[in-house]
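> Provided below are the primary sequence and the corresponding predicted coordinates.
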Amino acid sequence: MAVVISLGIAAVVVAFVAAPLFLLAGRPSEAGTKGPDPSDGLTDLLAEKETIYAAIQELDFDLKSGKLSAEDHEALRLRHEAQAAAVLKRIDELQGTTTAERSRSARREKQKA
């Protein structure tokens, strides 16, 4: 009797865990139907900018603590600064795009009113 009850409980648990897999199998993914969200890209770029800035600070600390030679520090810092400049340029482009889109939509709303 205990074996039958245990098997029944196990079957219910397996059905509960596996149900989302079977219920969502026929539906199209929401991520695939939507276009890329510009704010997601902007968030990623802002995080990348902070990472690069932290790497530059770490390079400066390593130079001061003697872990890094001046030549290596200069080469690595120039590389990180170039990466930071590229990221900042992409951030400006995205923010310019979103600002332009907002101003266009505001003009459209004004024209409708």
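Alright, I've got the coordinates. Numbering: from 1, shown residues only.

> Now do the contacts for the most centrally placed residue in the chain.
Nearest to the mean C-alpha position of the chain, by C-alpha atoms, centre = their mean, lies D44 at 4.1 Å. For D44, the contact set (C-beta atoms under 8 Å, 6 or more residues apart in numbering) is empty. The way it works is simple: take the backbone N, C-alpha and C, and place the C-beta from them, glycine included.

> ok, now how distant is it from Q83?
Noted for D44: a distance of 14 Å to Q83, by C-beta to C-beta, to the nearest Å.

> Next: K110.
Counting by C-beta to C-beta, the gap from K110 to Q83 is 41 Å.

> For the two, indicate the residue with more neighbours.
Shown here are K110 and Q83; by other C-beta atoms under 10 Å, Q83 has more neighbours (16 against 8).

> Please name the residues that touch that one.
Q83 touches I52, counting by C-beta under 8 Å, 6+ apart.

> Next up, phi/psi of it, please.
Main-chain torsions, Q83, degrees, to the nearest 10: phi -60, psi -40.

> what's the distance between it and R77?
Distance, Q83 to R77, by C-beta to C-beta: 11 Å.

> Overlap of the contact sets of these two?
With C-beta under 8 Å, 6+ apart as the test, Q83 and R77 reach no residue in common.

> in the chain, which helix or strand is least confident?
Least confident helix or strand of the chain, by mean pLDDT, DSSP states H and E, is helix 30-33 with a mean of 52.

> Distance from the chain centre to the strand or helix carrying Q95, please.
In this assignment (DSSP states H and E), Q95 forms part of helix 70-112. The chain centroid and the centroid of helix 70-112 are separated by 16 Å, computed with C-alpha atoms, centre = their mean, to the nearest Å.

> was I right about R77 contacting I56?
Yes: contact criterion C-beta atoms under 8 Å: R77 and I56 qualify, at 6.2 Å.

> got any ranges where the protein has weak pLDDT?
24-39, 97-103, 105, 112-113 (pLDDT under 70).

> how about whichever helix or strand comes after the least confident helix or strand of the chain: buried residues?
Reading on from helix 30-33 to the C-terminus, the next helix or strand found by DSSP H and E is helix 38-65. Using 16 or more other C-beta atoms under 10 Å as the test for burial, helix 38-65 gives 42, 45, 48-49, 52, 55-56, 59, 63.
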